[in-house]
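> Structure, please.
(chains A, B, C and D)
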Protein chains: 2
Amino acid sequence: MNSAASPKKLKIQPHCLPDGSAVTDAQREILSAAADCFEDQGFAATSIDDVARRLSATKGMIYHHFRSKTDLFFEVYRRGMELNFAAVHPYAEGTGTALVRLTKMSIAHSIVLMEEQAFQRVLMQGVLMHQQGATTAAQRETLEELIDNRNAYEAVFREAIEATGDELNLDIADSSLASKSYLAVLNSTVNWYTPREKDSEHERMAITCDLVAFALRGIGAEMPHEDLIRLEKTEIGKE
Amino acid sequence: MNSAASPKKLKIQPHCLPDGSAVTDAQREILSAAADCFEDQGFAATSIDDVARRLSATKGMIYHHFRSKTDLFFEVYRRGMELNFAAVHPYAEGTGTALVRLTKMSIAHSIVLMEEQAFQRVLMQGVLMHQQGATTAAQRETLEELIDNRNAYEAVFREAIEATGDELNLDIADSSLASKSYLAVLNSTVNWYTPREKDSEHERMAITCDLVAFALRGIGAEMPHEDLIRLEKTEIGKE
DNA sequence: TTGACAACATACCGAGTAGTATGTTTTCGT
DNA sequence: ACGAAAACATACTACTCGGTATGTTGTCAA
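Numbering: from 1, shown residues only, chains lettered A, B, ... in the order given. Take a look at the predicted model:
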């Protein structure tokens, strides 16, 4: 089914820095605070002091763990992609029909998106940053790698969509375009969703259900409502 | 059909500043250059000197026409919304079935989006800016107004989608969510589309066709492919 | 001609910021 | 216990940028 060109092993090993060293608790806290700041103010408007203040720490502490502001941003990006892969990958390789697998992937994606909004918004900024131009050569290289990562993620969905298309004899002219549209629907929440204090889990499930149904119809597939609910329940259970 | 709560007159009068004064050529050039800069680098990373340099002018010239960097951004945003309204409005009030009207609106939206990418990206940034928080009280007020404008735009689509739902007896649970998903598909191009030098018009038409078909299926509607092409041809003709 | 105003250009200031250099404390292997 | 390295904190520098104050040039009505 996914026998197509995908020699790319998805590396889901525990989080580590590019140099291979492990991530300490302190670094994880920095990444989280940085993600919040980048979400609130964007990359350019966020100062290292902002991040430090959010941690009740100092600039020196940040620079002890990360070489530069750009590096910090990249690590936040990497962490965000990791969250997505970790959530979706099990279902991409799981059992069941292609349609069921795609549906589970979509539910997992939508939920992790709403739960980790800060990281997700950083991903968007990363894409934007790519269209512009990172300064140094080393940074460009890192950024390329991150974008590759994102493309690989999209490819996972594209293959699942293609498999579903084959399975149901759907007429999908351009699977690349279809996957972009498909993910655009699932990703749309980052632009407007803000969790309410109460009942946020139920709320998220309802939204996810609607979004996935919309996206599936978009590629021509249908998933009965009660089946969607059932899949979603099992999905949430895993969390 | 759109008898629902929409007392809001869409103001499409020729472009003018908030104080009512007309826009000069110089101001239009500044707006265009600023849109390019904001697209390339984002609001925070763009300096007034950057905009001036792109015009081979000076900072003083910019500040002669706009009170502040934020004001300039708001005007770019306003101009972007204006372009969208101008493109879509005729079809929202046009003739034909609800499905045909919605389709025409979608085509127009998709095309203006690809043609005026710089302004469209600024719109996205404006939404992001709203989620964060503009500094001064006056700026917040202006931003609220701009967001209202955007919501009004979304409402135009929501009403068209509701009308189509009534017409075709579609099962649209949450029309607000549906319109957000719908527009997310059409808007997705700003994140990846870059025009090729040759044949860009044909390319844009093909993409638009696919996107609109996807979005329509998303709400449960079907538009035969040849009909879509035909509508698109008449649409382009207007340009 | 002139004076008044618009349309710029130039010079400058103050606030903020990425990054560094260096000092201080905590941890930990031996 | 102790020395060394890790894990911070503090102080400082060089630089950018938004905004302003002020100077210069063109335009045009009276």
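
> which residue packs closest to residue A:168, ignoring adjacent ones?
Distance criterion CB to CB, 6 or more residues apart in numbering or on different chains; nearest residue to residue A:168, sequence neighbours excluded, is residue A:221 at 5.9 Å. Just so you know, the C-beta spots here come from the backbone N, C-alpha and C atoms, and that holds for glycine as well.

> which residues does that neighbour contact?
A:99, A:102, A:164, A:168, A:170 (CB atoms under 8 Å, 6 or more residues apart in numbering or on different chains).

> quick one: which of the residues you listed is most hemmed in?
Neighbour counts for those, by other CB atoms under 10 Å in any protein chain shown, peak at residue A:102, which reaches 29 neighbours.

> and the spatially closest residue to it that is not a sequence neighbour, how many neighbours?
Excluding the flanking residues, the one nearest residue A:102 by CB to CB, 6+ apart is residue A:160, at 4.4 Å. Number of residues near residue A:160 (other CB under 10 Å) recorded here: 25.

> shaky segments in chain A?
A:1-22, A:132-134, A:235-239 (pLDDT under 70).

> Which secondary structure element is home to the residue sitting nearest the centre point of chain A?
Per CA atoms, centre = their mean, the C-alpha nearest to the average position across chain A is that of residue A:84, at 3.9 Å. If you go by DSSP states H and E, residue A:84 is part of helix A:69-92.

> Please spell out which residues along that helix are buried.
A:69-85, A:87-89, A:91-92 (16 or more other CB atoms under 10 Å in any protein chain shown).

> quick one on the thing from earlier: correct me if wrong: the residue nearest to residue A:102 contacts residue A:97.
No - counting by CB atoms under 8 Å, residue A:160 stays clear of residue A:97, with 11.0 Å between them.

> For DNA strand D, see how far away the residue in chain A sticking out farthest from the centre is.
What lies farthest from the middle of chain A is residue A:60; by CA atoms, centre = their mean that is 30.3 Å. Distance, residue A:60 to DNA strand D, using CB to the nearest atom of the strand, to the nearest Å: 3 Å.

> Look up how far residue A:219 lies from residue A:178.
In this view, residue A:178 and residue A:219 are 5 Å apart by CB to CB, to the nearest Å.

> before we move on, what about residue A:67?
43 Å.

> neighbour count winner among these two?
residue A:219 (23 against 9).

> Can you report how many residues neighbour the residue nearest to residue A:61 when sequence neighbours are not counted?
When the adjacent residues along the chain are set aside, residue A:61 lies closest to residue A:52, with 6.5 Å between them (CB to CB, 6+ apart). Using other CB under 10 Å, residue A:52 has 20 other residues around it.

> before we move on, what about residue A:49?
So residue A:49, with other CB under 10 Å, has 11 neighbours.

> what helix or strand does it sit in?
helix A:48-54.

> Give the buried residues for that helix.
A:48, A:50-52, A:54.

> Pick the one among the residues you listed closest to chain B.
Chain B has its nearest neighbour among these in residue A:50, at 12.3 Å by CB to the nearest CB.

> residues contacting that closest one?
Going by CB under 8 Å, 6+ apart, residue A:50 touches A:37, A:41.

> Next one: the spatially closest residue to residue A:63 that is not a sequence neighbour from residue A:209, what distance?
Take residue A:63 and drop its neighbours on the chain: the residue closest to it by CB to CB, 6+ apart is residue A:48, 7.2 Å away. Applying CB to CB, the value for residue A:48 to residue A:209 is 41 Å.

> what does residue A:198 give?
As defined by CB to CB, residue A:198 lies at a distance of 19 Å from residue A:209.

> And these two? Which one has more around it.
residue A:209 (19 against 8).

> Write out the residues of chain A neighbouring chain B.
Residues of chain A lying close to chain B (CB under 8 Å from any CB of the partner chain) are A:40-45, A:124, A:127-128, A:131-132, A:173-174, A:177-178, A:180-181, A:184-185, A:187-188, A:191-192, A:194, A:207, A:210-211, A:214-215, A:217-220.

> Among these, name the ones in helices.
If you go by DSSP state H, the residues of chain A next to chain B have A:40-45, A:124, A:127-128, A:131, A:177-178, A:180-181, A:184-185, A:187, A:207, A:210-211, A:214-215, A:217-218 in helices.

> List buried members of the residues you listed by neighbour count.
A:40-45, A:124, A:128, A:177-178, A:180-181, A:184-185, A:187, A:207, A:210-211, A:214-215, A:217-218.

> between the lengthiest helix in chain A and helix A:175-187, what angle do the directions make?
As assigned by DSSP H, the longest helix anywhere in chain A is helix A:137-168. In terms of direction (axes from the mean of the first three to the mean of the last three CA atoms, to 10 degrees), helix A:137-168 departs from helix A:175-187 by 100 degrees.

> other SSEs contacting helix A:137-168?
helix A:69-92, helix A:98-115, helix A:117-131, helix A:175-187 (3 or more CB pairs under 8 Å, 6 or more residues apart in numbering or on different chains; DSSP states H and E).

> what helices or strands is the first one leaning on?
It stands for helix A:69-92. helix A:25-45, helix A:48-54, helix A:98-115, helix A:117-131, helix A:137-168.

> Quickly check: the last one near DNA strand C or not.
No - using CB under 7 Å from any atom of the strand as the criterion, no contacts between helix A:137-168 and DNA strand C are found, and the smallest distance is 9.4 Å.

> centre of the chain versus that helix, how much separation?
Distance of helix A:137-168 from the chain centroid (CA atoms, centre = their mean, to the nearest Å) equals 11 Å.

> And for the fourth one?
Centroid separation for helix A:117-131 versus its chain: 10 Å, with CA atoms, centre = their mean.

> Show me which residues of chain A sit near DNA strand D.
Counting by CB under 7 Å from any atom of the strand, chain A sits next to DNA strand D at A:24, A:26, A:52, A:57-61, A:64.

> repeat that with 10 Å
A:21, A:24-27, A:29-30, A:44, A:48-49, A:52, A:55-65 (CB under 10 Å from any atom of the strand).
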